[in-house]
Structures are given as C-alpha cells and as structure tokens.
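# Quick one, fold the following:
(one chain, ligands or ions: 3)
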Amino acid sequence: MPSVYFQTFGCQMNTADSDAIYQLLAQRGFVLNDSCVGSDLIIVNTCSVREAAEKRALARIAEFANGKKNHPGQKLWVIGCMAERLGDALKKDIPGIDNIIGAKQMERIDDVIESQFPKCQGDDKTSSSIFQKTAVTDFVPVMRGCDNYCAYCVVPYVRGREMSVPYDVIESAVKQKVGAGIREITFLGQNVNSYNHGGIDFPELLSRMAGVDGLERIRFTTSHPKDCTGRLIDVMASSPKIAAHLHLPFQAGSDRILALMNRRYTASQYRGFIDTVKKRVPGVDLTSDIMVGFPSETDAEFRETLALVRDIRFTAAFMFAYSPREGTAAALMREGISKAEKLARLSELIALQTEITREIYEKSVGEELEVLVTGRQQKRDRAWMGQDRGCKRVLISCEEGVAGMIFKVRAVKSSGMTLIAERVGQ
Ligand code: SAH
Ligand code: SF4
Ligand code: F3S
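Numbering: from 1, shown residues only. Ligands and ions are numbered 1, 2, ... in the order given. Down below sits the predicted model:
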C-alpha cells in the first residue's frame, strides 16, 4: 500500500486541511507514515503569515527534495498558504517539488485529489482522522478565507474571500465525529463570528450545536472584535457546553496604530466588550494575539499595549514582532523601528504576560474545576491530561479508560502553565 507523510506548519486551519486531504488519500488506499523515510508521498502544508514561518517551511522542503535522491519514485507536494503565495516559482527554486496545491484550492480539494489519484472501483475505505487534536477532541472548519484586510496580513491574499460552510454540512460533520467518540469540537475560521449561511449566524450555530447529544464541549477560534455581539455573549453565558474561553486578538493598545492596522475598533471598545464578557461569563479565560513594532509604533504607543495587557489579564497570549509581507498595505509603510527595538519590545511584552499567566494559574489553586480528560500524558502510567471549561491545562492522576470523561477536580498545585489536580467525589 502507498504511504504518505505530512509535515504541517501554520494555524489550526492547516491542521484541519491536512486532515481532510489525508481522508481523501486514505479512501484511495494510502496509509499514514510517521516518518518521511520510505514514504511514497511527502506533503508539506505551509504558512505565510510571517517571514520566519516561510523560511522554516522552505528549509524543510529543500531537505525533502534533497532526500528524494535516495528514494526513487518518491513524490513531494507543497500545499497551503505559501504554495498559494509563491506558486510555480517554488518549483523553479526547488526542482524536486512534484506538485503545488495553493490554499485556495482547498474549496475543491476532492476534485484536485481525484485528478492526481483517480478512485478505483471498490476504493472506499474510510479511516479515522489522524491529525485530530486527540481521540477526544477535533476541529470542524465553519468558514474559510478573510475579507478584513488588516494592513499587515497576508491571509486574505492567500486564503481568498470569506465563505461560510453550509449549516447542514457542519451539522453532519459534528454528528459523525460525536458518533465516532469525539467529545469536544473546536469550530475553526479566520473570523468565526462573521459566519453566516442561509440566515444562520454564529451565535445561532453555536446554540444549535449545543443541542447535539454526546457533544460535551464546544470551542471556537478565531474571533475578530468587530464581529463580536451581545448575542455571542448570551450563548456563551447560557450554555454550559460552550467553553468559558474567548480568544480575541486585539493586536495593539494604541488607537492610532489600530486605525493604521485597519482593525476597525478602538482600545476602549475592546475593553468595554471584555468587561461585559467577564461579567456575564464568570471565570472566563481570555486569550489574545498581540503584535509589537507595527510601522511607526512609538515607544509610548507600545506602552499602551502593555497597559491593556496589564488591565485585562489574559490567561495566555500569542505574541509577535511585526514582519513585513509583500503585497500588503503595511509593506508600503515606513517601519521606522529597528529590528533590535522590535525584539526588545517583544521580550518586555512576553515577560509581562508570562508573569500574568503564572499568577492566574497560581490563583486557580484550591478551585474546583470541571476537566475533560483528553489523553495520557506522555508515557507516564497514571498521569492524564485534560482541560478545564476555560483554557487551562490540567494534569490528574487516574486509572485506565478515562479519556473523554468529565471529572470534578480540585487544583492542588500550579507548575506555571499546568494545574495539578485531584478528583473530588466520584
Ligand atoms: N484571523 C486571525 C489571525 C490570523 S494570523 C485574527 O484576525 O485574529 C494570527 C496572528 O498572527 C494575528 O492575530 C497577528 O497577531 C499575527 N500576524 C499576522 N500577520 C502578521 C505579520 N505580518 N507580522 C507579525 N505578526 C502577524
Ligand atoms: Fe489577517 Fe486580519 Fe483577516 Fe485575521 S482578520 S486573517 S489578522 S486580515
Ligand atoms: Fe498561516 Fe495560512 Fe494559517 S498563512 S496562519 S497557515 S491561514
């Protein structure tokens, strides 16, 4: 049987896309390999969001192309966002690439795979998904693309226009996964809150999915502040199945920078929305994406970002230094900040957030939590990993067979970014 090896860079959407492609290949008799060595097909799924992400992918692709010399017949495919951005130019730079499938082709990926590997009669094996986060949790994309054109961002160019997945397609994917034992689903999209299909918007989608029997938890990412409504908070507050976690990127604390970024909200609008979420969803975990060193950002403006981080107290955050992307509006702006200055701002921000994360975990010690057990921790016998209703990682000690179960536990210790907990009652 032919074998395929995946290397997936980038966001969760790429993970979901690799998974969808694997499903199609599995129907054609492919088995998944956990090493590139001896694989008939190597697929590298790429990200373009920052220059460093592209550099990492390019280095890997070059390695695989070189390795093909020892594997006659081996094929190398490059797919995803960088494949979309650079297209056939990639083949010129790295001659070993056999096929390029850009991110926009994910919309018609069934046909793309069929054109490469036509299905034979009788070929219809279905296989369980391999890239899913664990055997207990999985992703379901609900919308693709982005129409927001934040000045710094390449995603609208490589992923194309916003497109919502029809409601019935989402519903049957969720039910099929729950039937196969999945307990938690994360709805994915660049801006899940702009979901709208046939009059069903995102809060409506969430509240309908909360009614699916056997689905214990619902998560979603990413939300854009301009699309968040009171109705989103209403469904979060009213359904115990919807995680008490909101990932809401704010990017920068200065209104001048937010306007230059084309984010379409002000820092005080963001603070106002967060205040309401905190009031209506007790104990909510808030997380964010934050960028430093956008063109012309002054030190005083950077301090406004720090102030917002200090006031809101995110449980965790992804933090980045601005990286110019060709073709975006910001690439034409004069940066006016040295690389060293950008990195100094980034380390100051990371130090502040790390301290807040540590304090929040520390404060949870003694609290009672509801933990969904997602799987065993590494190879340790009785140690199991899970997540509370927010976004905190929890480690508990249990006997066999607890994956997928929800327990009441009490946090007894914090190790920085993980809570150690004990079961309470039965
Ligand atoms: N759609 C999501 C984010 C997608 S990209 C959203 O709007 O929130 C993930 C994060 O990467 C962004 O939130 C941003 O913080 C960061 N990012 C995007 N483009 C970047 C760039 N050119 N340089 C540095 N960070 C960038
Ligand atoms: Fe990029 Fe902005 Fe779209 Fe997010 S909302 S993907 S940051 S353009
Ligand atoms: Fe990267 Fe594409 Fe995701 S650019 S962040 S893999 S949408």
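# and stretch 310-324, how far apart are its ends?
27 Å (Cα to Cα, to the nearest Å).
# Averaged pLDDT, it. What do you get?
In this model, stretch 310-324 carries a mean pLDDT of 98.
# Is ligand 1 within reach of that stretch?
Yes. Stretch 310-324 reaches ligand 1 (Cβ under 6 Å from any ligand atom) through 320, 322-323. Just so you know, the C-beta spots here come from the backbone N, C-alpha and C atoms, and that holds for glycine as well.
# so where's the stretch 301-426 of the chain uncertain?
379-381, 426 (pLDDT under 70).
# where does it come near ligand 1, residue by residue?
320, 322-323, 325.
# In strands only, show me the residues you listed.
The members of those that map onto strands under DSSP state E are Phe320.
# can I get the residues of the stretch 301-426 of the chain next to ligand 1 in CSV with distance to ligand 3 and neighbour count?
As requested, these are exported to CSV (distance: Cβ to the nearest ligand atom, whole Å; neighbours: other Cβ atoms under 10 Å):
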residue, distance to ligand 3, neighbour count
Phe320, 11, 19
Tyr322, 15, 22
Ser323, 11, 18
Arg325, 9, 22
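# Enumerate the residues of the stretch 1-150 of the chain near ligand 3.
So the stretch 1-150 of the chain meets ligand 3 at 10-11, 13-14, 47-49, 80-81 (Cβ under 6 Å from any ligand atom).
# related to what we said a few turns ago, ok, of the residues of stretch 310-324 next to ligand 1, which one's closest to Thr298?
Within the residues of stretch 310-324 next to ligand 1, distances to Thr298 taken as Cβ to Cβ reach their minimum at Tyr322, with 13.7 Å.
# Name the nearest residue to that closest one, sequence neighbours excluded.
Gly293 (4.3 Å; Cβ to Cβ, 6 or more residues apart in numbering).
# Same check on Lys177?
Asp138 (5.2 Å).
# helices or strands next to the one helix or strand that neighbour maps to in the packing?
Applying DSSP states H and E as the criterion places Asp138 in strand 137-141. The helices and strands touching strand 137-141, judged by 3 or more Cβ pairs under 8 Å, 6 or more residues apart in numbering; DSSP states H and E, are helix 12-26, helix 167-179, strand 184-188.
# which one of these is the most hemmed in?
Most buried of the helices and strands packed on strand 137-141 by mean neighbour count (mean count of other Cβ atoms under 10 Å) is strand 184-188; its value is a mean of 22.
# Rounded mean pLDDT for that strand, please.
Rounded mean pLDDT across strand 184-188 is 98.
# Direction included, what does that strand pair up with?
strand 137-141 (parallel), strand 217-221 (parallel) (DSSP bridges).
# which residues touch it?
The contact list for strand 184-188, computed with Cβ atoms under 8 Å, 6 or more residues apart in numbering, reads 12-13, 16, 133, 136-142, 170, 174, 177-178, 205-206, 209, 215-221, 372, 374.
# Now do stretch 258-275: distance from first to last residue.
Terminal-residue distance, stretch 258-275 (Cα to Cα): 20 Å.
# So which bits of that stretch are buried?
258, 260-261, 263, 265, 267, 270, 273-274 (16 or more other Cβ atoms under 10 Å).
# contacting residues around it?
Under Cβ under 8 Å, 6+ apart, the answer for stretch 258-275 is 148-152, 225-226, 228, 248, 250-255, 286, 294-296, 304, 308, 311-312, 329-330, 333.
# and those residues, which are buried?
Counted by 16+ other Cβ under 10 Å, the contacts of stretch 258-275 give 148, 150-152, 225, 228, 248, 250-255, 286, 294-295, 304, 308, 312, 329-330 as buried.
# Filter the residues you listed down to the ones in strands?
Leu286.
# Inside helices: which ones of the buried ones among the contacts of stretch 258-275?
The members of the buried ones among the contacts of stretch 258-275 that map onto helices under DSSP state H are 255, 304, 308, 312.
# Now the second one. Nearest residue, chain neighbours left out?
To tie it back to what came earlier, the one meant is Glu304. Gly253 (3.6 Å).
# Check the third one too.
Ranked by Cβ to Cβ, 6+ apart and with sequence neighbours excluded, the top spatial neighbour of Leu308 is Gly253, at 3.9 Å.
# Give me the contact list for the next helix or strand along the chain from the strand holding Asp138.
Next helix or strand after strand 137-141 toward the C-terminus (DSSP H and E): strand 143-144. Identification of contacts with strand 143-144 by Cβ under 8 Å, 6+ apart yields 13, 106-107, 159-160, 162-165, 189-192, 194-195.
# right, and the pair among the residues of the stretch 1-150 of the chain next to ligand 3 with maximum separation?
Met13 and Ser48 (12.5 Å).
# Can you tell me the element the closest residue in space to Gly230 that isn't next to it in sequence falls in?
The shortest distance from Gly230 to any non-neighbouring residue, by Cβ to Cβ, 6+ apart, is to Thr276 (7.5 Å). Thr276 belongs to helix 267-280 when assigned by DSSP H and E.
# hey, where'd the helices end up in the stretch 301-426 of the chain?
339-364 (DSSP state H, counting those that start in this stretch).
# sorry, back to before: identify the residues contacting the residue nearest to Leu308.
Counted by Cβ under 8 Å, 6+ apart, Gly253 has contacts 267, 301, 304-309.
# What helices and strands are in contact with the host helix or strand of Ser115?
Here Ser115 sits within helix 109-116, counting by DSSP H and E. In terms of contacts (3+ Cβ pairs under 8 Å, 6+ apart), helix 109-116 is packed against helix 12-26, strand 99-102.
# who touches that helix?
17, 20-21, 24-25, 28, 99, 101, 105.
# Against ligand 3, how distant is the closest residue to ligand 1 within the stretch 201-350 of the chain?
Proximity of the stretch 201-350 of the chain to ligand 1 (Cβ to the nearest ligand atom) peaks at Asp289, 3.2 Å away. Here Asp289 is placed at a distance of 10 Å from ligand 3 (Cβ to the nearest ligand atom, to the nearest Å).
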